[in-house]
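Novice: Okay, here's the prediction I keep looking at, along with the sequence it came from:
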Amino acid sequence: MLKFNKDLAAVHAYLCADGYVIRNPKGKSKYYYIGFRNMNTFLLDDFERRFFNYFKIKPRRMKDGRSIVQNKNVYMQLTEKHNYYSKDWNFPNLSRENLKVWLRAYFDCDGWVANRKAVDRHIGLDSINYKGLMNIKWSLIKWGIKSRFKDRTQRNIYRLLIYGKDNLIRFRNNINFNHPTKKDTLKKAIESYVEYKWQFNNKPDIIPFLRNRVKESKKKRIRICSKYAENLEFMSRFLDEEYMIESKIYGPLRNGINTKFYELCIQKKESVERLREAIKS
């Protein structure tokens, strides 16, 4: 009976995602095959290394991008309690640390990362294995990673999607990718989020911040918007205390796509002039 460690957890996930465990025990051409297909050599290397670590057998690298092992004993061990067919693979019972490795290997193979700034940033998985995908969804909850489940009945495929900066950060910090391109894309997707909560080390930092936003606008009224009211409340107090600039905060308001925001408005002539002088200095 197999005893899971990190190496076997990764091998199991690789086989469930992009592998096959098959046999033909009869006739002249008897065979017991374990194989892993992937176009990324980094993942092929990892599969081969981990397989050798656990079974002490080195897989053969084929010219068509496969790593294979032909061994009846290993086949019998792998299939004693586990299935690896796309529709029926079963989720193993793993410790928390081994589960991390399993999820990382599975996402490395079948997952993807979308990064379209301010439009669409997510991690996704497609599978025809409903039960397996649901187990992944509930496993991610262990690290506070929330996901959405979509039933794509027209193609008999189920989809798991991870949205939101906090969820993407939790995924990176706890699971992440080994696949170099996916890992880099996730990093860029997280970095592309705008930091909506303004951070000022001290009050004078506000003036350069305003200088970049107000610039040389000749409008009689100055408006500064933010997703968070506390950003504007802090700024309003600073402008009043340091420069006697009066302002009002309005909101919550809604924009054209129904996103909530707040607005700091400076409209008295003398306050507008004081702000223009402050940002020139």
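Specialist: Everything's here; your move. Please read all numbers here as calculations on a predicted model, not as lab measurements.
Novice: residue ranges for the helices of the stretch 101-250 of the chain, please.
Specialist: 130-140, 165-174, 180-191, 206-214, 229-243 (DSSP state H, counting those that start in this stretch).
Novice: May I see the ones you listed organised as CSV, with mean pLDDT added?
Specialist: Compiled in CSV, those are given as follows (pLDDT from 0 to 100):
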stretch, mean pLDDT
helix 130-140, 95
helix 165-174, 94
helix 180-191, 93
helix 206-214, 75
helix 229-243, 88
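Novice: I'd like those laid out as a markdown table, including distance to residue 75 and mean neighbour count.
Specialist: (C-beta placed from N, C-alpha, C; glycine too.) Formatted as a markdown table, those follow (distance: least, Cβ to Cβ, whole Å; neighbours: other Cβ atoms under 10 Å):
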| stretch | distance to residue 75 | mean neighbour count |
| --- | --- | --- |
| helix 130-140 | 21 | 17 |
| helix 165-174 | 33 | 17 |
| helix 180-191 | 30 | 16 |
| helix 206-214 | 64 | 15 |
| helix 229-243 | 61 | 16 |
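Novice: Out of these, flag the one nearest residue 102.
Specialist: Closest to residue 102 of the helices of the stretch 101-250 of the chain is helix 130-140 (Cβ to Cβ; 8.5 Å).
Novice: neighbouring contacts of that closest one?
Specialist: Defining contact as Cβ atoms under 8 Å, 6 or more residues apart in numbering, one finds that helix 130-140 is touched by 16, 89-91, 99, 103, 106, 125, 127, 146-147, 149, 158, 160, 162, 171, 175.
Novice: now, which of these lie within strands?
Specialist: 125, 127, 149, 158, 160, 162 (DSSP state E).
Novice: how about the residue nearest the centre of the chain, what does it touch?
Specialist: Among the residues of the chain, the one closest to the centroid is residue 168, at 3.6 Å (Cα atoms, centre = their mean). Counting by Cβ under 8 Å, 6+ apart, residue 168 touches 121-123, 162, 186, 189-190.
Novice: the inter-axis angle of the helix-or-strand element of the chain with minimal mean pLDDT versus helix 229-243?
Specialist: Counting by mean pLDDT, DSSP states H and E, the weakest-scoring helix or strand in the chain turns out to be helix 206-214, with a mean of 75. Put simply, helix 206-214 runs at 110 degrees to helix 229-243, going by axes from the mean of the first three to the mean of the last three Cα atoms, to 10 degrees.
Novice: From residue 280, how far off is residue 246?
Specialist: Distance, residue 246 to residue 280, using Cβ to Cβ, to the nearest Å: 19 Å.
Novice: Comparing those two, which residue is more hemmed in?
Specialist: Neighbours were tallied for residue 246 and for residue 280 using other Cβ atoms under 10 Å; the higher tally belongs to residue 246 (16 against 9).
Novice: you'd agree the more buried one is up against residue 265?
Specialist: No - the criterion here is Cβ atoms under 8 Å, and residue 246 misses it with residue 265 at 9.9 Å.
Novice: can you list residues touching both of those two?
Specialist: Residues touching both residue 246 and residue 265 (Cβ under 8 Å, 6+ apart): there are none.
Novice: hang on, isn't residue 124 packed against residue 158?
Specialist: No - Residue 124 is beyond contact range of residue 158, at 11.2 Å (criterion: Cβ under 8 Å).
Novice: Those two: who's more crowded?
Specialist: residue 158 (21 against 18).
Novice: So what's the predicted local confidence for the more buried one?
Specialist: Looking at residue 158, its pLDDT stands at 91.
Novice: do the same with residue 219
Specialist: So residue 219 comes in at 68 (pLDDT).
Novice: can you check residue 76 too?
Specialist: 95.
Novice: separation between it and residue 32?
Specialist: Applying Cβ to Cβ, the value for residue 76 to residue 32 is 8 Å.
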